[in-house]
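**Q** sequence? don't have it. structure:
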């Protein structure tokens, strides 16, 4: 049975994933647009930085964030000066870590979708009196919808599934930073295999359903497009 | 001031555009030249889709671009319509919403082309609720033309709108382009490398070669200038604008009149006074010094030799003047020598066949 005790981490995890996904869309969409259209030499370096979380161990990201956001870190001193205190071991800290960690999962699908549009739809819109913002929201975004759906699903699911970054920067504070993956780790440490099974099984099912939604919808759009 | 005045220079890798032309502010002006001569690039510069530095563009008195004064209107601020080679409809919008896209973005007081008028003009009333994916190539291009008209443009730019279509769709769409020409007073710049399309649609022509505009002028003159490539080769010929003057019920012929005389063709299903454009190929015109009564050729026009140019060792091209209308005749060099043809001589042009362009 899922004891009452276990609902807090689930709720926290969902909240973290939702906030993170929302922020990622706000940050990742302009970044993806820029990456898709720029001819600047910065495209390569920026693209590589965005992709770093794909290859780095989460502990490395967590470690650097911990240092940077800590009381002695530059970002930590900035947040303190702004009256926000220090972010490690808070929900806000978790959000910052998750945004960085899941960035490529949101930016890349949107970037690919924008790139596959080509210049033509935007040119057609401009010749129909739509300014850059207008054509972005009325042409580029609707046409890139499949990319946005993929980005939302991957961004959300990947945030739900993270462990290393959370442990490094969030620690294990019940109700604040103890997410499901950490909770499972705790259960196993405490030899509470039954609870671990419930949560782990739930995660497995959730992840599978998310990916099913993704690949199922991908097949449908492909067919509609052919 | 009415008219288009343009000067553009742009380097794109190996290619260099160095174009300048003046064109009338009404009717259809063809940007004509072989593939790779820079027609599309020039059109994109006119639209502001390509940013050409140190350039100048004035359309009917409005400056769209003058880099010497720091004036540059981005595409969405230029009062133009643009029809791409591929229709480029928005796939996420149905036909009606595609048409409304530009229409909604101009103030109601500036709309000179009505929604229903544009729909009717290109015959797409039945298609309004369809998705672009479910249209044929010709239908898609007609929607694209209506969509461009609905921004009530001061200048309509068309980039080979028929090039991506099959022959049947081309035939399907040409009459609509002619209606556009006849019924709306919007000046059109029409990119094409097809002599037939140009002969059918254009009033004025800008000729391009290797990124440069090498000549421009009214279509009748351009097609008959012996110093230009257009007046040479198998396809060389003239266009003649005529009106139906008489129907001969007995022989089922129609007489088409123009200032240089008249031409009889198989009877046409139009009323007297209906305007028709003809194409007369140089290869279909032969010359005689006297009017022969004993020939099966019906159409014989009195003319005067203006200019003679060697076409190849066996043939010469003659430019003729038939009552102010230029004609071309391609004959053998031997015939030219036997008839002792010289500029200024009076001759009779025997027209073996004409093509009706509608």
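**A** Sure, I can see it. Quantities reported herein were computed from a predicted structural model and do not represent experimental measurements.
**Q** How about the contacts made by residue B:270?
**A** B:244, B:276 (CB atoms under 8 Å, 6 or more residues apart in numbering or on different chains). C-beta coordinates here come from the backbone N, C-alpha and C atoms, glycine included.
**Q** Regarding it, what is its secondary structure?
**A** For residue B:270, the assignment made with DSSP: H, G, I helix; E, B strand; the rest coil gives coil.
**Q** Would you agree residue B:302 falls within a helix?
**A** No: looking at residue B:302 with three-state DSSP, it is strand, so not inside a helix.
**Q** so is residue A:151 in a helix, a strand, or just coil?
**A** Going by three-state DSSP: residue A:151 is helix.
**Q** again, but for residue B:318
**A** Residue B:318 is classified as strand under three-state DSSP.
**Q** Against chain A, how distant is the closest residue to it other than its chain neighbours?
**A** Spatially, and ignoring its direct neighbours in sequence, residue B:318 is nearest to residue B:329 (4.7 Å; CB to CB, 6 or more residues apart in numbering or on different chains). Noted for residue B:329: a distance of 44 Å to chain A, by CB to the nearest CB, to the nearest Å.
**Q** How confident was the prediction at residue B:329?
**A** As predicted, residue B:329 sits at a pLDDT of 94.
**Q** Residue B:35 - how many residues pack around it?
**A** Neighbours of residue B:35 under the rule other CB atoms under 10 Å in any protein chain shown: 9.
**Q** repeat for residue A:25
**A** 16.
**Q** residue contacts, residue B:73?
**A** Shown in contact with residue B:73 (CB under 8 Å, 6+ apart): B:48, B:64, B:65.
**Q** which of those are close to chain A?
**A** residue B:48 (CB under 8 Å from any CB of the partner chain).
**Q** just the contacts of residue B:73 now: which is nearest chain A?
**A** Distance to chain A across the contacts of residue B:73 (CB to the nearest CB) is lowest for residue B:48, with 7.9 Å.
**Q** And the closest residue to residue B:28 other than its chain neighbours, its phi and psi?
**A** Spatial nearest neighbour of residue B:28, excluding adjacent residues (CB to CB, 6+ apart): residue B:188 at 4.5 Å. According to degrees, to the nearest 10, the main-chain angles of residue B:188 amount to phi -120, psi 130.
**Q** Now chain A against chain B: closest residue?
**A** residue A:128 (3.3 Å).
**Q** for chain A, which helix is longest?
**A** If you go by DSSP state H, chain A has its longest helix at helix A:193-225.
**Q** What is the least confident helix or strand in the chain?
**A** I'll assume chain A. In chain A, no helix or strand scores lower on mean pLDDT, DSSP states H and E than helix A:193-225, which sits at a mean of 78.
**Q** Sorry, I should have been clearer: chain B.
**A** Least confident element among the helices and strands of chain B, by mean pLDDT, DSSP H and E: helix B:167-183 (a mean of 80).
**Q** Give me the sheet partners of the helix or strand following that helix and which way each runs.
**A** Downstream of helix B:167-183, the first helix or strand assigned by DSSP states H and E is strand B:188-192. Next to strand B:188-192 in the sheet, as set by DSSP bridges, lie strand B:28-32 (parallel), strand B:155-159 (parallel).
**Q** Give the rounded mean pLDDT of strand B:188-192.
**A** Here the average pLDDT along strand B:188-192 is 93.
**Q** Stretch B:259-268 now?
**A** 89.
**Q** End to end on that stretch, go ahead and measure it.
**A** In terms of CA to CA, to the nearest Å, the two terminal residues of stretch B:259-268 are separated by 20 Å.
**Q** circling back to that earlier point, I'd say the residue nearest to residue B:28 and residue B:29 touch.
**A** Yes: Residue B:188 lies in contact with residue B:29 (CB atoms under 8 Å); the separation is 6.9 Å.
**Q** wait, what's in contact with the residue nearest to residue B:318?
**A** B:282, B:285, B:286, B:287, B:317, B:318, B:320, B:349.
**Q** and which of those is nearest to chain A?
**A** Looking across the contacts of residue B:329 and measuring by CB to the nearest CB, the closest to chain A is residue B:282, at 38.9 Å.
**Q** ok, residue B:188 and residue B:29, which is more surrounded?
**A** Counted by other CB under 10 Å, residue B:188 and residue B:29 do not tie: residue B:29 has more neighbours, with 26 against 23.
**Q** what does stretch A:123-134 rub up against?
**A** Against stretch A:123-134 from outside (CB under 8 Å, 6+ apart): A:135, A:138-139, B:47-49, B:74-76, B:80-82, B:84, B:88-90, B:101-102, B:105-106, B:147-148, B:151.
**Q** gap between the two ends of it?
**A** Span of stretch A:123-134 from end to end, CA to CA: 12 Å.
**Q** Tell me which residues of it come out buried.
**A** For stretch A:123-134, burial by neighbour count (16 or more other CB atoms under 10 Å in any protein chain shown) applies to A:123, A:124, A:125, A:126, A:127, A:128, A:129, A:130.
**Q** could you give the mean pLDDT of it?
**A** Averaged across stretch A:123-134, the pLDDT comes to 96.
**Q** now it, how far from the centre of its chain.
**A** 31 Å (CA atoms, centre = their mean, to the nearest Å).
**Q** One more: stretch B:33-47?
**A** Taking CA atoms, centre = their mean, one finds the center of stretch B:33-47 at 15 Å from the center of the full chain.
**Q** Residues in contact with that stretch: which ones?
**A** Taking CB under 8 Å, 6+ apart as the rule, stretch B:33-47 contacts A:127, B:6, B:8, B:10, B:12, B:15, B:17, B:19, B:31-32, B:50, B:52, B:55, B:57, B:75, B:78, B:80, B:82, B:85, B:155, B:157, B:159-160, B:189, B:191-193, B:207-213.
**Q** So which of these belong to strands?
**A** B:6, B:8, B:10, B:12, B:15, B:17, B:19, B:31-32, B:57, B:80, B:82, B:155, B:157, B:159, B:189, B:191-192, B:207-209, B:212-213 (DSSP state E).
**Q** got the contact list for the residue of chain B found nearest chain A?
**A** Closest contact between chain B and chain A, by CB to the nearest CB, is at residue B:102 (3.3 Å). Listed by CB under 8 Å, 6+ apart, the contact set of residue B:102 reads A:127, A:128, A:129, A:130, B:81, B:147, B:148, B:150, B:151.
**Q** Tell me which helix or strand comes right after the host helix or strand of it.
**A** Using DSSP H and E, residue B:102 sits within helix B:95-103. Sequence-wise, the next helix or strand downstream of helix B:95-103 (DSSP H and E) is helix B:115-121.
**Q** Alright, that wraps it up for me.
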